[in-house]
Structure formats: C-alpha cells, structure tokens
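> Predicted model and sequence follow; I will ask about them next.
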Amino acid sequence: MTQHRPQTLANQILKGFDRHYARFRECARAAKIAFEQADWPQIQKLAAERIAFYDERVHDTATAIKQSGDFSKVDEAFWHSVKTEYVELLMNHHQPECAETFFNSVSTKVLDREYFNNDMLFVRPMISTEYIDSESATYSSYYPNRDGWQAALTAMFNDLGMHRPFTDLARDVQAIIARLSKSSNKIFEARPNLQIQAVRSLFYRNKGGYLLGKIINGHDNYPFAIPILHDAEGGLCADTILLDGRHLGSLFSFNRAYFMIDCEVPSALVQFLQTVLPQKPRAELYSMIGLQKHGKALFYRDFKHHQKHSTDDFILAPGIKGLVMLVFTLPSYPYVFKLIKDVISPPKEVDKELVEKKYQLVKKHDRVGRMADTLEFSNVAFPHARFTQELIDEITKLAPTEIAYEGDNVIIKHVYIERRMMPLNMYLQDASQRGDKSRKDNAVIEYGNAIKDMVAANIFPGDMLFKNFGVTRGGRVVFYDYDEIEYLTDCKFRPIPKRYDDEDDMGEVWYSVDKYDVFPEEFEKFLLTDPEVKQVFMRYHAELLDWKYWQSHQERIRAGHIEDFYPYPHHLRFVESGYTS
C-alpha cells in the first residue's frame, strides 16, 4: 500500500462527501423554486430523487478508491492513519458529523468486514459541532416589545425572501396574533427578553412550506410552526399556527416524508429544532431534514447504548406471524426488526428482490402520515447471549441465509427496523375485551382514513388485513406491510361479474383474475366479520367497497391532480375558523 498516502485517500473521501452535500443543498434550493411556482410534480420528483443521492456518491467514491488498489487486506494501521488525516480535514468543516458518517459508509464498502474494526470507523463523533460558524445564522430574532407584534411578525415573513407574494399578509398576521392570544395571555406580557426566533428557511414538503420557531418570554418558551400554502387567489397564505406539542411532533413523524430545507450547518439547525421539539431525538430530526443516513448512524449509536444498559432478550414479536417477514423485537426498546424470509409461502407470489423493491418504493414515496418509515441495515451484530433459542431456531429455519455467527455475536445480514406499534387486529381485540367501544370505533374510522389517504397518494396497500396496520401512541393507524403494495394507477379495479348459471358452487371463483385485478366488493368478506366493526366501517367508509370509488381516484391521479395533505387537524386551519373568509 506504499503507493497510497493516507492524506490522499482522506481528501478523496471528503471530496466525495462535499460533492454529495452540494447536491443535497441544490435540491433544497430547487424545492423552494418549485414551491414558489406551484410545481408540485417537481417537488415530488426532487423528494424521490434525493433519497438516492447519498448511496450514489458513496458508491462512486468507494469504486474510485478500489480501482486505485486492492484494499481488501489493508493494514489496520494504514487505514487508521487515513482516519486521522480525515479528522484533520474536518477541523473547520461545516458538516463534520455527516462527513464522519460518509467516511464510515465508504470504508465499509472499501474494506472487507473481517478486516475493519471500530478503530477504523467513527463509532463516536470526533469533531465537536458546538458553535460552528457559518456564513448565515440558522435563525433570526424579532422583537415585539420594540417593533410591535404586527411589525415583528410581518418582518419574519418578509425575511423568508419568497418570490411569490402573500395574498394578504396583514390578514394572516392578525389571524396569528388572535390565535396566540387564545393560547396564552402570558405570551403578550412585556418582559425584557420577549423575542420571536424563527428558522431562516422554510421546510418544504408536498404542497406546503413550514416556518418553525419559538416565542421566548421570560422563562417560558412557546414553540410554533406555521404552514404556508398557496391559496385560491394564487398567492401565499399562512394556513394556521400550530402551538400544541402533539401537532408539532406530528409534522416530524416517522410516517411522513422527509423535509427539504437548505442548511449550511445541519448541527445548528438540529440543535435549534431540539428546543422546538424536545421530545424528538437527534436521530429523528436529522432524518426528517433529509439527512437520514446520519440519522441512521445516530439511531444505531443510541441502540448500542441501550443494549449496553439493558438486560432483556430479543424475542419473536407478538402477533400473527407473517408469510413474508420474520419479525423480532427487544421489549425494552420501542422498535421491531424485520427479516425477509428465504422461503415465502403461498399464496404470496413475491421473492426477496421484489420485497426489497417494495420497501424502496415506500422510502421514495410520500408517506402522507400513513406508511411507516424503515431503517435498512446490513451486517448488524447482536449479542448472541441475548437471543432466545426460540428466535435463533426461527431465523435458522425461515431465513438461514440472513444469519451468521462471529465470536460472541449473531450477525443479521439484512434487516429493516421500524418503530413498534400495536397491530390493529390486536388493538381491536383489546378494545373489545375491555368493552371500550369508543376506542374500537375510532380505530375502525382511522383504518378507513388511512386507506383513503394512501389512495389519494397513489398507493394501493394490497393486503388490507388489520394485522398489516399498526396503531401509534397517538391513536393514528399506519400501514407497515409492504410486500403487496402497488401504485394505485397500476391496478385494475373491477366489479365482480354476475353469475348466469343456477349452480351453487360454494367457494368457486367463476371469473378470471389477472395479476393486477382488484375486486373491492370482496373486502367485506375478510375485513368485516365483526358486526361492530362492519357497522362503523359501513357508516364512514362504505365507498371503499365500491370499485367506482377507486377508479375515480385513478382518473384524478392520471389527470395530474395532486391532493392536499394536512398534517394537522382541519379545524385548526384559519379558513375553517373564519379568519381568512
């Protein structure tokens, strides 16, 4: 390896990251332009394409390094020198934490697993991200005591530099002040340190741009988010102001698409966001601003930390076992781990490669609050001693190519990790046993709403059984089984043909069924066997049993219509409250 200098390789890796981050920021700036021009297809395109940016640049960088020499048997001291040189290069970098993650990704592509160890990687961050200087501040401050509330809020919006004007900014500001006054009178107490702090760039997603900030007054903080939309007059408008922590948290939910925002120093943005969303871990915040690879790295560090400070065993996840995925969990940790089985039993007609493509489809698609995000990992080491024998036996039997052993560890070669939710079938059963009809009814209503949201987003879930949906802590129903998912526009929704003979052939299908055929009338047979569930479903969602409903949405999507999705209750919208009428 004498022909390679550690400094040269360190420079090569960092240049790869810098090219990636420049492209990442270009995407955010393009999203602002697309939002201003109401180019919603372009927003969708940018969000989908950006998912692949990181892996593409890692692949290009690792390939270039491997083509320059054989690093499969590299001396550990040499690669440790590469890491040391890399640390030197990051001393004045604006995204050092993300660059460290990039180094890890490239290293694991270049080196064989048995020839690298934690000393070669950034297991813990080496560069502090505190007080990194940037060309512009992450947030701006405004002073109602000095300028008045109307002027301070108006300046906050004007500083966004939007090229499409607000239809009636004075009206919107008055609506915000009125909502704040209803929230708490303390907000308007004239204390010396009263100020509004707001992120200088909008967070773009779907058809909205979100302004995040907080009001500081004395010892009180009032986090807020203001969704900015296009109105019927063709201008911009503030749709509402969100002040409740639950609604703010929902914006950054794991079942929604990542935001696009231009930030020079991501650590500074995340640090500010933690003051607005204190319940959100840094891993989730990094992911939600589009830096999901670093978010994933932080998640894994948190996970290893939890393992070190817990003693419970990994077990098979409770519930009905799936035909495609083998699922296990650690009871003390709120996530599940999913493996694709080697042998997938009928009636499923998928293989591993197709299932992986389905998960990638969901990753790139707008999840509209109804499809769980997943973290995908390769070659994850788990402590063997903490795997129950039942779990080891199950993996060995159903997914033998996904398990290996290395010292005291079990190596899972490919795993998806998702936030743990109670399966909807178990949730409904529990509500029935407790006699909690209201809770049961709400879950059925939410189930139908989840399907309708996915339909509007051009997604057909495929297998709509209750066991494939989960219920979040907030009572929201989310889909998480993707092996049969399809674009709605690829499906053919048909009525069941009439029979013309008099024979009573129980269970016999008298009509032909192609791969993409769907007969919504059949949903009743396997979904609505519980009379209470059926009664509520038919009251709120009977149209889901009508093939014409599905076809009408296909026609809207094919015509280029993109639905509006509001990640907050409709009654909070100013237009619903009469502020903008």
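Structure received. Numbers count the residues shown, from 1 in each chain.

> Look up how far residue 326 lies from residue 415.
Applying CB to CB, to the nearest Å, the value for residue 415 to residue 326 is 10 Å. Bear in mind the C-beta positions are built from the backbone N, C-alpha and C, glycine included.

> who touches both of these two?
Taking CB atoms under 8 Å, 6 or more residues apart in numbering as the criterion, residue 415 and residue 326 both touch 338, 339.

> domains for this structure, by residue range?
6-120, 139-305, 311-420, 423-545 (automatic domain parsing).

> For the helix or strand where residue 41 lies, buried residues please.
In the assignment (DSSP states H and E), residue 41 maps to helix 40-50. For helix 40-50, the neighbour count (16 or more other CB atoms under 10 Å) marks 40, 43, 44, 46, 47, 50 as buried.

> What's the mean pLDDT across stretch 345-363?
On average, the pLDDT along stretch 345-363 is 89.

> hmm, who's touching it?
51, 323-325, 340, 342, 344, 371, 373-374, 376, 416, 482-485.

> Quick one, which of the residues you listed are buried?
In those, the ones that pass as buried (16+ other CB under 10 Å) are 51, 324-325, 340, 344, 371, 373-374, 416, 482-485.

> Pull the most distant pair out of the residues you listed.
Greatest spatial distance in the buried ones among the contacts of stretch 345-363: 51 and 344, 25.8 Å, computed using CB to CB.

> How about the longest helix along the chain, which residues are buried there?
Identified as the longest helix of the chain according to DSSP state H is helix 6-36. Of all the residues in helix 6-36, those buried under the rule 16+ other CB under 10 Å are 6, 9-10, 12-14, 16-18, 20-21, 24-25, 27-28, 30-32, 34-35.

> sorry, back to before: how about the domains of the chain in a markdown table, adding distance to residue 560?
Converted to a markdown table, those look like this (distance: least, CB to CB, whole Å):
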| stretch | distance to residue 560 |
| --- | --- |
| domain 6-120 | 7 |
| domain 139-305 | 14 |
| domain 311-420 | 15 |
| domain 423-545 | 12 |
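
> any weak-confidence spans in the stretch 351-500 of the chain?
500 (pLDDT under 70).

> burial of residue 139, as a residue count?
18 (other CB atoms under 10 Å).

> which residues sit in contact with residue 50?
24, 27, 258, 260, 290.

> One more pass at 10 Å, please.
23, 24, 26, 27, 28, 30, 31, 258, 260, 290, 292, 364 (CB atoms under 10 Å, 6 or more residues apart in numbering).

> gap between it and residue 218?
From residue 50 to residue 218 the distance is 41 Å (CB to CB).

> do residue 524 as well
58 Å.

> And these two? Which one has more around it.
For the pair residue 524 and residue 218, the greater number of neighbours falls to residue 524 (15 against 11), based on other CB under 10 Å.

> Next up, the contacts around the more buried one.
Counting by CB under 10 Å, 6+ apart, residue 524 has contacts 534, 537, 538, 542, 544, 545.

> Can you show me the strands along the stretch 301-450 of the chain?
Counting by DSSP state E, counting those that start in this stretch, one finds strands in the stretch 301-450 of the chain at the ranges 315-316, 325-329, 335-340, 375-383, 403-406, 409-419, 422-423.

> So which of those strands is nearest residue 149?
strand 409-419 (38.8 Å).

> Off-centre distance for stretch 263-283?
Centre-to-centre, stretch 263-283 and its host chain are 16 Å apart (CA atoms, centre = their mean, to the nearest Å).

> Kindly check the end-to-end length of it for me.
End-to-end distance of stretch 263-283 (CA to CA, to the nearest Å): 17 Å.
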